[in-house]
Every structure is written in structure tokens, then in C-alpha cells.
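1. got a predicted structure here, sequence first:
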Amino acid sequence: MRALHASILRVWAGFMVATCFLATQLPAAEESFNISAEVALEAMVPMALEAISQENRVPVARLRIVNRATAIYPIQNRTAFAFKAMDTENGAVYGVTMDADGHVLDPEGLASAEQAAFRARYGRFEPEIFEYLKNAPENEQLDVLVWAKEPAAAGGIEGLVKPELIETDTTEGEKTTRALFAEVDSRRAEAVRTLLTPLTNRVKKLDANAVAAEHAPVISARLSKMNMYRVAEWADVDMVYLDRINKPELNIVRAATYAREVHQRGITGTGVRVAQIEAQGGRVTTANPNLAGVVQDSNNVCTSSHSTGVAGIIRSTHATYRGIAFGAILWTGGSCDGFTSELNAAATRAVNWGARALNLSWGENINLVPGVNDRFYDSIVINNRRSVVKSAGNEAPPCNYTSNVTSPGLAYNVITVGNFNDRNTAAWKDDAMNSCSSWRDPASIHGDREKPELAAPGTNIRSTTDDAPWTGSIGSGTSYAAPVVTGAAALLIRRNARLASWPEAIKAILMVTARHNIEGAARLSEKDGAGGVDLRRADSLAAKGPNGKWGARTYNCDTATPLVIATMPLEAGRRTRAAIVWDTDPTYASYAYQPCADLDLQILSPTDEVVAASTSWDNTYEIIDFKPAETGDYKLRVIKRRCSQSPKYLGWAWNK
């Protein structure tokens with residue numbers, strides 16, 4: 001029966017592209033205009049400015065368009081045009097969404113209507129299952145994942161994760177963090193258990209072997225066609241997903257990322273707990289002397305060279321081919337078959353073991369629409385406060401033809417990593433992105449999400465192997481770039497224990513210090529995101545050295561806007577980066593289409609003028625890269641453009 005899943009995925013491999021991705025790239029056929037979207041946006045600027053002026057009583061002369069996008073609602077077959085404008089007098093940011101005729105539209109209403117249209121077409125099934133079941137035999141059985149409806153406030157942990165912990169003494173911070181995670185995990189498990197128990201009991205009447213997850217509201221079960229239709233009618237079910245098969249995503253690295261310099265400072269990740277979740281593997285060769293002490297999970301695993309190689313990148317103790325966080329404590333597990341339910345169960349065991357960061361060097365091409373895996377790991381980040389790092393995938397030519405970032409790398413709260421070739425040199429000037437590294441972004445209403453966020457070396461890698469002499473070439477792939485960043489997260493946590501409970505701040509630190517521009521724009525571009533990681537800079541920033549600071553806080557729809565979160569003493573002409581990172585709650589009704597909140601970032605000069613800004617619609621981060629015109633104290637300011645559901649947490653960092 002497991003083999004049937006692969007058949008379904010082959011038959012319907014292009015389905016989501018046709019219905020959800022390609023539809024988001026082109027204007028709907030029934031629209032009254034036939035000029036290009038960009039030309040249409042330019043032509044509509046005067047109407048947008050006038051509409052914003054009237055709505056907010058600001059003179060048109062004071063308004064300047066700072067961003068614009070074509071907003072696509074594919075199931076409604078509808079196109080809209082979105083604009084953001086800034087008041088040049090006080091920096092306030094306003095927005096408007098319009099149709100082709102200049103009529104003002106309600107973007108929240110459009111998003112709700114898109115969700116309603118999805119429900120009307122597919123019910124509570126993801127499209128692959130819905131289409132397959134139309135012609136499936138009545139006795140057909142499938143392995144599925146039933147995601148329960150969860151109240152947005154379930155768990156109630158926001159009050160535990162306190163910003164003031166950031167400033168505590170390091171030793172005291174480690175003690176406090178351990179106690180915090182114990183309480184967070186306990187509360188989350190209790191909330192999920194309370195939510196799932198009634199639903200699990202009903203599902204067990206249909207499949208006695210159904211299993212409820214511990215930290216996410218999902219139940220794995222094998223159901224007949226009739227029972228799938230039955231479950232999809234239950235009011236406490238949010239979505240029924242296919243239990244997919246996931247696959248792996250196949251020395252100088254330490255020098256190219258400056259990890260070696262961090263090690264020379266005495267930061268090796270000692271004592272930090274890190275987990276490696278593996279698809280079609282999960283068991284490392286513990287006979288390898290360079291991996292002594294790895295904690296091996298025995299559930300559903302089999303030995304694979306991929307697992308052993310990834311483990312070495314994180315914590316090999318070999319004198320030459322040393323891991324990024326060779327002092328860390330590594331837990332490894334996964335699924336020999338690669339099934340989503342087994343991988344997520346392994347991740348749950350890793351969380352319960354105490355992992356602070358999780359590495360996912362595997363994935364599935366689900367054609368750019370966030371699915372069950374993305375929701376699961378977004379939940380682990382926002383509800384369990386873990387950092388999760390995922391390989392971007394190897395779907396670009398010549399390895400494949402879609403260039404799609406793979407799931408769960410589509411997740412909002414997860415760090416997704418591309419693969420660059422360091423050409424076996426420590427110098428940056430000859431580096432290039434690996435041609436296979438995935439870069440096509442997740443689908444979203446405004447089409448401006450950017451994944452991956454970072455890049456790391458993943459080409460022609462030497463690491464630990466299954467046989468003597470225990471090290472050797474393991475090949476190339478984003479699989480080997482992701483553990484570099486997972487190791488980096490462990491180093492940051494070792495440097496500053498308070499970072500363990502702030503995955504948003506870890507992402508912000510890594511992004512603002514990733515100054516190695518491999519391709520495209522220096523600030524943010526398609527294939528390398530914010531750039532190649534620079535662990536030397538990241539370590540200095542985590543330690544709150546003289547060239548930057550980081551911070552974090554709780555953040556909800558009632559938080560004041562605009563909000564100044566930091567003051568930065570900057571120097572004229574010195575390149576500076578700043579970023580904010582926030583979460584998306586996977587309970588958000590329009591999760592598949594857009595994040596639950598849209599925040600913008602501004603930098604104010606010493607005279608309080610806006611001198612730089614980042615104003616995307618669908619990312620859960622904003623990043624600025626600029627050179628100050630004068631020396632002085634600059635402010636980092638957050639603007640709340642939309643808050644449909646609380647993102648709960650906000651992290652930030654700046655670096656010069």
C-alpha cells in the first residue's frame with residue numbers, strides 16, 4: 001500500500017503546478033486588460049496614490065510609492081494590484097489594493113474568499129488526494145495525515161518566553177533556558193493532547209493503529225476512501241494530507257564560512273543539543289571514530305551514507321575534516337522509508353530529547369504550495385521554540401527541471417539553505433552557486449516570498465563515511481549546505497544561551513551577517529538569499545560586540561505601530577545591515593497563501609528621516625543593506641501593515 005503513494009504522486013505530479021503555481025504567475029484570462037502586469041502597475045500609480053490620499057487624508061504630494069505587486073487569487077481566477085506608499089513627512093506607510101479599473105478592494109476579504117473557494121472546490125482535502133479519490137476504487141486505502149483545527153492561542157507559552165532573559169548572565173541564562181524549554185514542551189504537549197484526544201478516539205474507530213502527534217495537531221492513519229470522505233466532513237478537522245515519501249537532498253567548508261576562526265575563539269558548540277532528521281536513512285555509522293558519542297534513535301531507521309555524511313558536517317571530530325559544531329551533542333533519527341508521519345515522529349522524539357536545533361536534509365517537491373510538513377515544522381518553531389534548518393532542494397537543471405524549493409523548506413519560520421561551490425578555497429571571489437540548488441520561491445498572493453534565506457558550501461564535500469578510512473568525498477547537494485547552518489545555530493547558542501529560545505533572532509543574526517554575495521543583489525536575491533554565511537561575524541554579533549546587536553520580544557496584533565526596536569550608532573559610509581524576523585502561526589486560515597502578518601522595516605536617520613526601508617508583502621522577514629550618509633544614532637523601526645493573526649514573536653539584528 002505504501003507503494004501506491006508513489007504512484008499517486010507520479011500521476012498527479014503536475015497537478016499543483018497547474019492549479020496553484022502557474023496560476024499565480026499569470027493574470028487571470030477573464031481580466032479586462034491584456035497589458036503586462038508591470039505596465040499595468042505603473043499605469044495605476046496615480047490612482048493608487050489618490051486612493052491612499054483620500055483614505056488616510058494625506059496630500060498626494062507627500063506620498064511616495066515604496067513597493068507594488070500583482071496579487072493573484074488563482075482559485076477565484078482573479079487578479080488585483082497592491083501598492084505601499086510612504087508619507088515622506090513622518091515615514092508612515094499606507095497600503096491599497098485595487099482592481100484593474102481602479103476600484104479599491106479589501107485584501108483581507110479577498111484572502112478569505114480564496115480560502116472559501118478552496119474549500120468549495122476541494123473540501124478539506126489537499127488537491128492531490130481530492131483528484132485521486134474521484135476515480136479511486138471504493139476499497140482504496142491511503143496513508144494520510146489528519147490536521148486538526150487548533151485555536152490560535154493554544155499552548156499559551158508567550159508569557160514564558162521573556163525578552164528580559166536576553167540580558168541575563170550567561171550561566172544563569174543556560175539554567176533559565178533549560179527550565180524554559182521543559183515548561184514550554186510540557187504546556188505544548190498538554191495543549192495538543194487536549195485538542196487531539198477526542199478526534200484521535202474517533203479516528204481510531206476507523207483505524208485502530210492511528211497515531212496522534214505530541215507537539216503538533218496531526219494524526220497519522222490509514223483510511224479507506226469512504227472513511228476519508230467521512231473524516232473530511234468532521235468540523236474539528238482542518239485538512240487531510242497525503243503521507244508523502246520524502247527523499248534525501250544530496251575540510252574547506254570551515255575556512256570558507258569562517259567557522260575555523262569561531263573555533264579558535266573557543267566556541268565549538270560544546271554541550272548544545274542538535275538533532276539530525278534523515279529520510280531514507282536515519283542511522284549513522286557509529287563505528288566511525290569521528291562520530292563517537294552520537295545519540296542514535298532506533299525507530300524506523302536504516303544506515304545510509306547520506307546520514308553519516310550529514311552527521312560529520314555537523315560534529316565530526318576529525319582533525320582535518322572537523323564539523324561546524326564538533327563539540328555539540330548530536331541526536332540522529334528519521335525514517336528508512338521516508339514517510340512524513342515517521343519523519344515527524346522522529347522530530348518529536350528529538351524535541352523531547354532536548355534538541356535546540358533540528359537539521360532537515362531531505363524534502364519533497366510539492367510544487368511550491370506550503371503543505372503538512374511546512375505546517376508541522378512551523379509549529380515546532382513557534383510553539384516549541386526550536387530552530388529548524390532545511391535544505392532548499394536540488395531541483396534546478398541539470399539535476400531536475402523545476403528549480404522548486406522543496407517542502408518543508410517552504411515553511412515561513414524555517415531557515416532554508418541553498419548550496420554554493422566554494423571551489424575548495426577559503427577565498428570568496430571564486431565562489432558560485434551550485435547550478436542544481438533550488439531557488440524557485442513559494443507561491444503566495446503577492447508573489448514576493450524569497451527562499452532560500454541563506455546559502456552555505458555544499459559542493460564536492462568531504463565528510464565522514466561508512467567505511468575506513470572514515471572520511472572521504474560524499475558528493476554535492478543542499479543536503480550538505482543545511483547542516484553547515486544547523487551547526488552555526490549550535491555555535492550561536494553556545495556563544496549566547498539566551499538565543500536557544502529565540503529562533504527568530506538566530507535567523508536574523510545569520511541573515512545580517514551573511515555578507516558573502518554570491519549572485520544577484522547584495523541585499524537579497526533568488527538563489528543565495530541574503531548571502532553565504534559568515535560565522536565569524538555571526539559569532540561576534542551573538543556576543544553583542546561593538547559592531548552590532550540583536551534582540552527579541554513578543555509581538556502581537558495589539559503591539560504598537562510604529563515601533564522603534566533599536567538604536568544603532570552608525571558611521572558614515574560604512575556598510576550596515578539590519579533585519580527583522582517574525583513567525584507565522586500554522587493555524588492561520590490563509591496559511592497556504594500568505595503569512596499571518598505583514599510587517600515593514602525602516603531605518604531612521606539621526607534627524608528621524610526614513611533613509612532605508614524593506615517593504616515586502618509575503619515574507620516573514622525584512623532586510624536592509626545600506627551605507628549611512630552621516631555618522632550618528634540611527635533607529636530601527638517596525639511598521640505593522642497587516643496583522644490577521646498574532647505572529648507571537650519578533651527577532652531582530654543589525655551589523656556594521
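-> Done, it's in. Residues are numbered from 1 along each chain as shown.
2. domains in the chain, by residue range?
-> Per the record, the chain has its domains at 24-118, 130-177+188-242, 247-496, by automatic domain parsing.
3. ok, and for the strand or helix carrying Ser220, which residues are buried?
-> Take DSSP states H and E as the rule and Ser220 turns out to sit in strand 218-224. For strand 218-224, burial by neighbour count (16 or more other CB atoms under 10 Å) applies to 218-224. Heads up, the C-betas are built off the backbone N, CA and C, glycines and all.
4. so Ile415 makes contact with Val484?
-> No: applying CB atoms under 8 Å as the test, Ile415 and Val484 come out as separate, 11.2 Å apart.
5. of these two, who's got more company?
-> Per other CB atoms under 10 Å, whichever of Ile415 and Val484 has more neighbours is Val484, with 31 against 28.
6. what helix or strand is that one on?
-> helix 478-495.
7. centre of the chain to that helix, how far?
-> When distances are taken as CA atoms, centre = their mean, to the nearest Å, helix 478-495 is centred 15 Å away from the chain's centroid.
8. only C-alpha atoms, please: export that helix in CSV.
-> C-alpha atoms of helix 478-495 as CSV (Å, rounded to 0.1, in the frame of the first residue of the first chain):
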residue,chain,number,x,y,z
THR,A,478,21.8,21.3,-0.5
SER,A,479,21.7,18.3,2.0
TYR,A,480,25.3,19.3,2.8
ALA,A,481,24.7,23.0,2.9
ALA,A,482,21.9,22.8,5.5
PRO,A,483,24.0,21.1,8.3
VAL,A,484,26.5,24.0,8.0
VAL,A,485,23.8,26.4,9.1
THR,A,486,22.5,23.9,11.7
GLY,A,487,26.0,23.8,13.1
ALA,A,488,26.1,27.6,13.0
ALA,A,489,22.9,27.7,15.1
ALA,A,490,24.6,25.5,17.7
LEU,A,491,27.6,27.8,17.8
LEU,A,492,25.4,30.8,18.3
ILE,A,493,23.5,29.1,21.1
ARG,A,494,26.8,28.1,22.7
ARG,A,495,28.0,31.7,22.5
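9. give the next helix or strand downstream of that helix.
-> helix 503-512.
10. next, the angle from that following helix to helix 478-495.
-> Helix 503-512 and helix 478-495 meet at an angle of 110 degrees, taking axes from the mean of the first three to the mean of the last three CA atoms, to 10 degrees as the criterion.
11. export helix 503-512 to PDB, keeping only CA atoms.
-> Taking Å, rounded to 0.1, in the frame of the first residue of the first chain, the C-alpha atoms of helix 503-512 are listed here in PDB:
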ATOM      1  CA  PRO A 503      14.900  31.100  16.700                       C
ATOM      2  CA  GLU A 504      13.700  34.400  15.100                       C
ATOM      3  CA  ALA A 505      16.800  36.100  16.400                       C
ATOM      4  CA  ILE A 506      19.100  33.300  15.200                       C
ATOM      5  CA  LYS A 507      17.700  33.700  11.700                       C
ATOM      6  CA  ALA A 508      18.100  37.500  11.900                       C
ATOM      7  CA  ILE A 509      21.700  37.200  13.000                       C
ATOM      8  CA  LEU A 510      22.600  34.800  10.300                       C
ATOM      9  CA  MET A 511      20.900  36.900   7.600                       C
ATOM     10  CA  VAL A 512      22.500  40.200   8.500                       C
END
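12. give the buried residues for that helix.
-> So for helix 503-512, counting by 16+ other CB under 10 Å, buried means 503-512.
13. can I get the residues you listed in CSV with pLDDT and distance to Ile639?
-> Converted to CSV, the buried residues of helix 503-512 look like this (pLDDT from 0 to 100; distance: CB to CB, whole Å):
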residue, pLDDT, distance to Ile639
Pro503, 98, 23
Glu504, 98, 17
Ala505, 98, 20
Ile506, 99, 23
Lys507, 99, 20
Ala508, 99, 17
Ile509, 99, 22
Leu510, 99, 23
Met511, 98, 19
Val512, 99, 19
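14. may I see the buried residues of the lengthiest helix in the chain?
-> Secondary structure assigned by DSSP state H gives helix 170-204 as the longest helix of the chain. The neighbour-count check on helix 170-204 (16+ other CB under 10 Å) flags 173-174, 176-177, 180-181, 184-185, 187-189, 191-192, 195-196, 199-200, 203 as buried.
15. quick one on the thing from earlier: between the domains of the chain, which gets nearest to Pro628?
-> Set against Pro628 and scored by CB to CB, the domains of the chain come closest in domain 24-118, at 16.4 Å.
16. give the rounded mean pLDDT of that closest one.
-> Averaged over domain 24-118, pLDDT sits at 87.
17. now stretch 572-586
-> Rounded mean pLDDT across stretch 572-586 is 98.
18. now swap in stretch 484-500 and tell me
-> Stretch 484-500 comes out at a mean pLDDT of 96.
19. will you turn the domains of the chain into JSON lines that also has distance to Leu570?
-> Below are the domains of the chain laid out as JSON lines (distance: least, CB to CB, whole Å):
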{"stretch": "domain 24-118", "distance to Leu570": "17"}
{"stretch": "domain 130-177+188-242", "distance to Leu570": "22"}
{"stretch": "domain 247-496", "distance to Leu570": "23"}
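20. winner for burial among the ones you listed?
-> For the domains of the chain, the largest average neighbour count (mean count of other CB atoms under 10 Å) is found in domain 247-496, namely a mean of 24.
21. next one: that domain to chain centre, how far?
-> 14 Å.
22. look up phi and psi at Gly91.
-> Gly91 has phi and psi values of phi 80, psi 0 when expressed as degrees, to the nearest 10.
23. what about Ser335, distance to Asp297?
-> Note on Ser335: its distance to Asp297, by CB to CB, to the nearest Å, is 11 Å.
24. got a list of what the closest residue to Gln645 other than its chain neighbours touches?
-> Leaving aside its sequence neighbours, Gln645 sits nearest to Cys596 (CB to CB, 6 or more residues apart in numbering; 3.9 Å). Residues near Cys596 by CB atoms under 8 Å, 6 or more residues apart in numbering: 584-585, 588, 590, 643-647.
25. what stretches of the chain score poorly on pLDDT?
-> 1-35, 153-156, 159, 162-174, 250-252 (pLDDT under 70).
26. kindly recompute the last result at 50.
-> Within the chain, the stretches with pLDDT under 50 are 1, 3-34.
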